[in-house]
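Participant: Sequence below, structure please.
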Amino acid sequence: MSSPLAVDLGTTHTRISRQEHVLIQRFPSAIAINTRSGDPIAIGKDALPMLGRTPADVRACRPLQNSVVADYDLAVVMLNTFFKQAQALGFLQRPTVVVSIPHGITEVERRALEDVIRDAGARSVRLIPHAVAAAYGAGLNIASPHGSMIVDIGGGTTKAAVLCYNGVVSARTGRTAGDEFDHAIIAHLRAAYGLIIGEQSAHAIKCRIGTAHPSIDRGSLMVSGRNVQNGLAATAEISSADVAEALRKPIARIIHLMRATLEAAPPELSADIFATGPILCGESAKLPGLAKVIANGIGMRVTTATECGDCVIKGLQKAIDEKK
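Facilitator: Next up is the predicted model:
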């Protein structure tokens, strides 16, 4: 019998950790298929560059959207491939998969998530609340009566939760996260420079010179795209201040989400959180200056977890170890 497998299903990346390995494997959550035959052409890192660049007879997509299953069949094929690449499947080898589940999803979405994982090769599925896994991975002691707050800013969603006694007291999920940051950059360049760019270009800008606070200067970048007026190729020099301006509104929506989560929690726990401050995790929490802007917006200290992108998968692995 194979050891349990920790799996963090993300919109942009799927992370897998085997109990006997320290290494966390990361796979882009993307797949490309031939629309005529239905056969997969590329999966994972090979499919990622194809998003938004395919001919008419090829479809490239992310079968997991906003932490739920968007395309059942493609999700099964993609996860089955990831399990094999992680060497978790084999002859008579079907692992138990421990996976995080977002707060507030419907029973139908929950069953679809379990069925996809089983059809991908799992023997059984164990579900753990996403906020609990993230808090474990961030090193929070959520077993105590002291309230704590975790905010996971991923690719497709931002999940904010107040926790106490190993449970979720209040939680909110919003669709403003890394992908929305990219869309905001696209909209800003169109409005400010008359330049049309794609999602991958926007993501590259965010990673290379992106910042949430205008006081952080990460330089500038020459960006190529299409002129909005004549449709011809065009370029513009974009600065990190442009990115900070573009992200101002989506970050404000994350702040609003956090405030709503705090307002739904009992006053005693809110006082605890005010003393310690929320913890940010998730891949998009790496954006320079983000914790500073959020701290200014909610009026309390905000810190970013160490290795913030891997908090959920590490929390799932801890849950496996404690179950032994």
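
Participant: for the residue nearest to residue 113 when sequence neighbours are not counted, which residues make a bridge with it?
Facilitator: Nearest non-adjacent residue to residue 113, counting by Cβ to Cβ, 6 or more residues apart in numbering: residue 69, 5.9 Å away. C-betas here are computed from N, CA, C, even on glycine. Residue 69 has the following beta-bridge partners by DSSP bridges: residue 64.

Participant: Which residues are in contact with residue 69?
Facilitator: Residues near residue 69 by Cβ atoms under 8 Å, 6 or more residues apart in numbering: 63, 75, 109, 112, 113, 116.

Participant: OK, contacts around the closest residue to residue 39 other than its chain neighbours?
Facilitator: Leaving aside its sequence neighbours, residue 39 sits nearest to residue 33 (Cβ to Cβ, 6+ apart; 6.4 Å). Counting by Cβ under 8 Å, 6+ apart, residue 33 touches 39, 40, 41, 58, 59, 74.

Participant: do the same with residue 310
Facilitator: Residue 310 touches 15, 24, 137, counting by Cβ under 8 Å, 6+ apart.

Participant: and the first one, how far is that from residue 103?
Facilitator: It refers to residue 15. According to Cβ to Cβ, to the nearest Å, residue 15 and residue 103 sit 19 Å apart.

Participant: between these two, who's got more neighbours?
Facilitator: In terms of neighbours (other Cβ atoms under 10 Å), residue 15 is the more surrounded of residue 15 and residue 103; the figures are 22 against 17.

Participant: distance of that one from residue 9?
Facilitator: Distance from residue 15 to residue 9, counting by Cβ to Cβ: 9 Å.

Participant: quick one on the thing from earlier: from the contacts of residue 33, which ones fall inside strands?
Facilitator: Mapping the contacts of residue 33 onto strands (DSSP state E) picks out 40, 41, 58, 59.

Participant: Leaving aside the residues adjacent along the chain, what's closest to the third one?
Facilitator: The one in question is residue 58. Beyond its immediate neighbours in the sequence, the residue positioned closest to residue 58 (Cβ to Cβ, 6+ apart) is residue 32, lying 5.8 Å away.

Participant: Which element, helix or strand, includes that neighbour?
Facilitator: Assessed by DSSP states H and E, residue 32 sits inside strand 31-34.

Participant: hmm, back to that, now the buried members of the ones in strands among the contacts of residue 33.
Facilitator: With burial judged by 16 or more other Cβ atoms under 10 Å, the buried subset of the ones in strands among the contacts of residue 33 is 40, 41, 59.

Participant: just those residues now: which is nearest residue 301?
Facilitator: Closest approach to residue 301 among these (Cβ to Cβ): residue 59, at 45.4 Å.

Participant: what ranges do the strands span in the stretch 151-300 of the chain?
Facilitator: With DSSP state E, counting those that start in this stretch, the ranges of strands along the stretch 151-300 of the chain come out as 158-164, 167-174, 195-196, 220-227, 233-239, 279-281.

Participant: Save the contacts of residue 310 as JSON lines, and put in pLDDT and secondary structure too.
Facilitator: As requested, the contacts of residue 310 are exported to JSON lines (pLDDT from 0 to 100; DSSP: H, G, I helix; E, B strand; the rest coil):
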{"residue": "15", "pLDDT": "95", "secondary structure": "strand"}
{"residue": "24", "pLDDT": "88", "secondary structure": "strand"}
{"residue": "137", "pLDDT": "94", "secondary structure": "helix"}
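
Participant: could those go into TSV alongside distance to residue 178?
Facilitator: Output for these, formatted as TSV (distance: Cβ to Cβ, whole Å):
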residue	distance to residue 178
15	15
24	19
137	18
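
Participant: State the number of residues packed around residue 180.
Facilitator: When neighbours are defined as other Cβ under 10 Å, residue 180 has 22 of them.

Participant: Once you drop chain neighbours, what's closest to it?
Facilitator: In space, residue 180 is closest to residue 250, 4.9 Å off (Cβ to Cβ, 6+ apart).

Participant: Just the pLDDT for the one you found.
Facilitator: Per-residue confidence (pLDDT) for residue 250: 98.

Participant: any weak-confidence spans in this protein?
Facilitator: Filtered on pLDDT under 70, the chain yields the residue ranges 1-2, 19-22, 91, 323-324.
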